[in-house]
Each structure stands twice: as C-alpha cells, then as structure tokens.
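> Need coordinates for the below:
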Amino acid sequence: MNILRKLRLSPLKLLGVLMTVITLAACDINPEPKSAEKHADSGEYERGPNGGRLLESGRFSLEITIFEAGAPPQFRVFPYVDGQPVNPENIDVTIELGRLGGPIDHFVFHPENTYLTSDGIVVEPHSFDVRVTAIYGGRKIDWAYESHEGRTTIDRKTAQTIGIEVEAAGPAIIEEMIDVLGRVDLAPGAEVKLRARYPGQVIAVYKTVGDNVRAGERLARIESNESLQAYDVISPINGVVLERMTNVGDVSGLNALFIVGDLTQLRVDFHVFPKDLHRVKPGQQVNITSIDDRLTAATKINIFLPTKELETQTVIARASLPNPDKIWMPGMTVRGDIIIKKEEVPLAVRTEALQRFRDFTVVFARVGETYEVRMLELGRVTPHWAEVLGGIRAGQDYVTKNSFLIKADIEKSGASHDH
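Reported below is the predicted structural model:
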C-alpha cells in the first residue's frame with residue numbers, strides 16, 4: 001500500500017503495469033546474456049549436454065564444443081531454446097578468437113545435422129579470448145569469455161633471476177650428423193722411444209714420468225762398455241716423459257729407456273659402422289665432446305684405416321686433435337658428431353628449448369611478461385637446432401634456456417586443455 005500511495009496509481013492501472021512486466025519477462029525481450037564464466041574463481045563454467053561450454057541468454061542458449069576425434073579440430077555449436085535443440089538452419093553464428101600477441105581468427109558456420117560446424121580448423125594452442133555472436137529470430141546476441149591453456153605470467157625480474165632466456169625464432173643451419181665414439185691417442189710422430197746408442201751402464205737419470213722435456217734436453221747418462229766414454233740420452237722432441245724403464249746402475253741394451261710424447265699433437269680414432277661408411281668421407285667436420293661434456297673441439301676426418309676392427313667390425317676414421325693447452329689426454333673416450341650435410345632452413349628453434357606438453361613437442365612463446373605454449377610441427381632435429389615446419393612464426397620470441405621452469409609453472413597453475 002505504501003508503494004501504491006507513492007506511485008499514486010489506481011488498482012486498475014497498477015494491474016496493467018504488473019501484467020506488462022510479467023509479459024516482458026515471459027517473452028524475454030532483449031535480455032542481457034548470462035556470463036560465460038559462471039564460476040570465474042574456480043575456472044568452472046556451465047556445460048551443455050555434449051560437454052561443451054554453455055552460453056545462455058534467457059530462453060536461448062548455445063553450446064560451444066571443439067570436435068577433434070579422428071579429425072582436425074573444428075568448432076561445433078549446438079543451439080537450444082528452453083533446453084531443447086532447435087533447427088541450426090535458422091541461426092547465424094560467428095566466432096572470433098583473439099590470440100596472445102594480437103592475431104584474430106574468424107570463423108563462420110554452416111548447419112550440419114543438429115549443430116553448426118565451423119568453416120576452418122581451430123589450430124593449437126586452444127588458448128584465446130573468445131567472442132561469440134548469434135543471430136536468431138531477428139535478435140543479435142553477443143558473448144565473450146576467456147579460454148586459456150598452457151599460459152602463465154612471470155615478471156621480467158623473476159624470469160631473469162631464475163635464468164629464463166629467450167630469442168627470436170628464425171633461420172638456422174641444420175647439420176645432419178652421425179654419432180660415433182672414439183679414443184684419444186698421440187698423433188703419429190708425436191711419440192718417441194729413446195734407447196742407448198751404445199750398450200753400457202746407466203750412471204745418471206735426470207727425468208722421470210710426468211716431467212716436461214725440451215728438444216735437446218738430456219734424460220740420462222750412460223758409460224759405453226767399449227770406449228768407457230760417457231754420453232747423454234737426448235730427447236729429440238718437446239714433450240712429457242710418459243714412461244721410464246731404467247735406473248742408475250742398469251746396463252742398457254736394445255730395450256727402450258724412456259718414452260716421450262708430445263701431448264699437443266693428438267689424434268682420435270672413431271669407430272664407424274658399415275651402414276654409415278658410404279656417408280662418411282675425409283674432410284668432413286667432426287665435433288668432439290668429452291664423455292663428461294666438459295671439453296669440446298672441432299676438427300676434420302683425415303683418413304680411414306684400411307682394415308676393420310676384429311671385435312666391433314667397425315672401420316677406424318682418424319682425425320687430428322690439436323691440443324695446445326694440453327686439456328685432452330691420451331686414453332680418453334670421446335663422442336663425435338660427424339657432419340655429413342649442412343643446409344640452411346628458414347625457421348628453426350634451439351633443440352634445448354623443446355619440451356613435451358600433452359601429446360605435443362612444444363616451445364614457450366613470450367609476449368610481454370606472458371608465456372604460452374606453441375605446438376610445433378618439426379622436420380629435422382639435431383643436437384643444436386630443430387627445423388620448424390609449423391606452429392610458431394618467424395620473429396616470435398621463445399624461451400631457449402630453462403624452459404622446463406615455464407612448463408612446471410603452467411602445470412602447477414592447472415592451465416588445462418578444455419573444450
């Protein structure tokens with residue numbers, strides 16, 4: 001009654017107003033679309049009968065799904081009125097997908113069975129800001145929502161602290177290689193065995209194992225049995241005493257007294273299996289790495305030895321290994337990558353950047369302080385570069401070092417693949 005007094009309406013006029021309101025509500029004239037994010041805090045939303053996202057506007061609703069069972073992913077849209085399917089031929093639908101970094105994908109639809117199918121493929125990643133427009137019964141209805149996956153945000157300072165590094169995807173030299181194992185040894189001519197010129201008694205020894213010697217430096221002194229004259233055993237090369245087989249008082253004969261090696265001149269003997277022999281040739285570059293990955297060097301294949309190794313049935317490909325700093329040692333086992341072909345490709349990423357995400361090989365693109373997964377179609381993959389056939393554009397910044405930290409942060413946040 002207070003309301004009636006304030007409005008100063010007769011009971012008959014008030015009844016007319018109430019009937020108008022009831023009629024408008026029943027007919028649902030120009031209603032506001034309901035939020036597509038029904039439970040924004042939890043990431044949940046209303047789902048339709050087909051498991052897709054349900055967008056509602058009064059009595060009218062659309063269910064948005066991505067169908068990819070045995071086929072490239074496409075949108076399927078199911079229309080309803082009062083929860084009941086309606087003829088898709090009576091509805092026009094368009095969808096715009098705003099992707100990280102600015103690109104927008106546009107989709108129009110055609111009716112098929114009880115739903116509408118998009119005219120294009122929904123490319124990975126399925127991470128976008130979505131705008132849906134429907135025209136039904138002369139009404140235009142819009143919805144907007146976020147559907148993100150494989151995405152996280154890390155501020156620049158934190159990224160720098162944890163060692164995240166990025167660079168732009170672009171052209172690279174792809175090297176096709178054969179992996180081999182090898183053994184380091186002294187190069188031919190870098191080792192000498194020193195003997196006495198005349199038999200006699202060893203009266204002095206000046207050097208022992210591990211001592212450096214210079215060319216012309218004496219190692220021992222011997223008194224000749226015939227002339228009783230003393231003479232010196234001289235090193236003809238610069239090097240290191242590798243073995244000493246004499247002491248004062250010994251009587252020298254034909255046996256070696258010392259072995260001296262020049263550790264700056266080494267070689268590597270690589271074992272090449274018969275299946276690879278036709279692809280390996282002298283002059284090809286070989287990258288050498290120590291087993292512990294601490295040492296690396298690059299050299300070339302010089303020659304093949306003319307016989308096979310009896311136990312392994314491999315052929316030895318020999319490469320020189322300059323060692324001016326004496327960091328490599330005879331007897332070391334090393335890995336070798338023999339480069340049999342080089343080719344420049346227009347688009348590649350660093351192999352160390354690759355990660356697994358769902359069933360894809362991916363890298364993580366960076367836009368501002370946001371990182372998002374990029375599913376890659378790869379060609380040739382080498383220890384250093386992976387050829388990219390699709391999935392990331394040239395010039396896009398992507399994470400090259402510590403990309404596993406981005407993956408871990410995304411998995412922790414639960415940025416899932418949700419259709």
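> so where do the helices sit in the stretch 101-250 of the chain?
Under the criterion DSSP state H, counting those that start in this stretch, helices of the stretch 101-250 of the chain are mapped to 156-161.
> Any regions of it where pLDDT drops low?
Along the stretch 101-250 of the chain, segments meeting pLDDT under 70 are nowhere present.
> what does the domain assignment say about this structure?
What the record gives for the chain is the domain set 53-148, 152-172+345-413, 178-185+264-343, 192-252, from automatic domain parsing.
> Out of those, flag the one nearest R47.
With Cβ to Cβ as the criterion, R47 lies closest to domain 53-148 of the domains of the chain, at 5.8 Å. C-beta coordinates here come from the backbone N, C-alpha and C atoms, glycine included.
> Reformat the domains of the chain as TSV; add distance to F258.
Shown next, in TSV, are those (distance: least, Cβ to Cβ, whole Å):
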stretch	distance to F258
domain 53-148	68
domain 152-172+345-413	42
domain 178-185+264-343	16
domain 192-252	4
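> Which one, of the ones you listed, ends up nearest to E44?
Nearest to E44, of all the domains of the chain, is domain 53-148, at 10.4 Å by Cβ to Cβ.
> Span of the closest one from start to end?
Using Cα to Cα, to the nearest Å, one end of domain 53-148 lies 13 Å from the other.
> In contact with A169, which residues are there?
Taking Cβ atoms under 8 Å, 6 or more residues apart in numbering, we find A169 in contact with L347, A348, V349, V363, V388, I392, R393, A394, G395, Q396, D397, Y398.
> Go again with 10 Å.
347-350, 353, 363, 365, 374, 376, 388, 391-398, 400 (Cβ atoms under 10 Å, 6 or more residues apart in numbering).
> quick one: it from E217, how far?
The span separating A169 from E217 equals 57 Å under the rule Cβ to Cβ, to the nearest Å.
> Grab the most central residue of the chain for me.
Geometric centre of the chain, nearest residue: L354, 1.7 Å, by Cα atoms, centre = their mean.
> How many residues are close by the residue lying closest to that one once chain neighbours are set aside?
Nearest non-adjacent residue to L354, counting by Cβ to Cβ, 6 or more residues apart in numbering: T361, 5.5 Å away. T361: 15 surrounding residues under other Cβ atoms under 10 Å.
> And V241, by the same measure?
Around V241 sit 19 other residues, with neighbours defined as other Cβ under 10 Å.
> same check, this time on P306
P306 has 7 neighbouring residues, counting by other Cβ under 10 Å.
> Does it touch R318 like I think?
No. P306 lies out of contact with R318 (Cβ atoms under 10 Å); the separation is 11.4 Å.
> List the residues that contact the residue nearest to the centre of the chain.
T361, V362, V363, L376, L378, V381, A386, S403.
> what does K401 give?
When contacts are counted by Cβ under 10 Å, 6+ apart, K401 touches G163, I164, E165, V166, E167, R350, E352, A353.
> Repeat the analysis, applying 8 Å as the threshold.
K401 makes contact with G163, I164, E165, E352, A353, according to Cβ under 8 Å, 6+ apart.
> Pairing partners for the third one in the sheet, please.
Each beta-bridge partner of E165 is listed here: K401, as defined by DSSP bridges.
> From L100, how far off is it?
Distance from E165 to L100, by Cβ to Cβ: 20 Å.
> between the two, which one's more packed in?
Using other Cβ under 10 Å, the more surrounded residue of E165 and L100 is L100, with 19 against 13.
> Assess the claim that the more buried one and T153 are in contact.
No. Taking contacts as Cβ atoms under 8 Å, L100 lies outside contact range of T153: 10.7 Å.
> Quick check: neighbours shared by those two?
Common neighbours of L100 and T153 (Cβ under 8 Å, 6+ apart) are T370.
> Between the contacts of L354, which sits nearest V248?
Nearest to V248 among the contacts of L354: V381, at 62.0 Å, using Cβ to Cβ.
> got the contact list for that closest one?
T351, E387.
> For beta bridges, what are the partners of it?
Applying DSSP bridges, one finds that V381 bridges with A386.
> Give me the pLDDT for it.
For V381, the model assigns a pLDDT of 92.
> For V345, see how far away it is.
For V381, the distance to V345 (Cβ to Cβ) stands at 11 Å.
> intersection of neighbour lists for these two?
By Cβ under 8 Å, 6+ apart, V381 and V345 have these common neighbours: E387.
> returning to that earlier point: so how far is L321 from the residue nearest to L354?
35 Å.
> do K157 as well
K157 sits 44 Å away from L321, going by Cβ to Cβ.
> Same question for L305.
Where L321 is concerned, L305 sits at a distance of 16 Å (Cβ to Cβ).
> who has more neighbours, these two?
Using other Cβ under 10 Å as the criterion, L305 and L321 rank with L321 on top: 22 against 11.
> re the thing from before, please indicate which of the contacts of A169 are buried?
347-350, 353, 363, 365, 374, 376, 388, 391-392, 396-398, 400 (16 or more other Cβ atoms under 10 Å).
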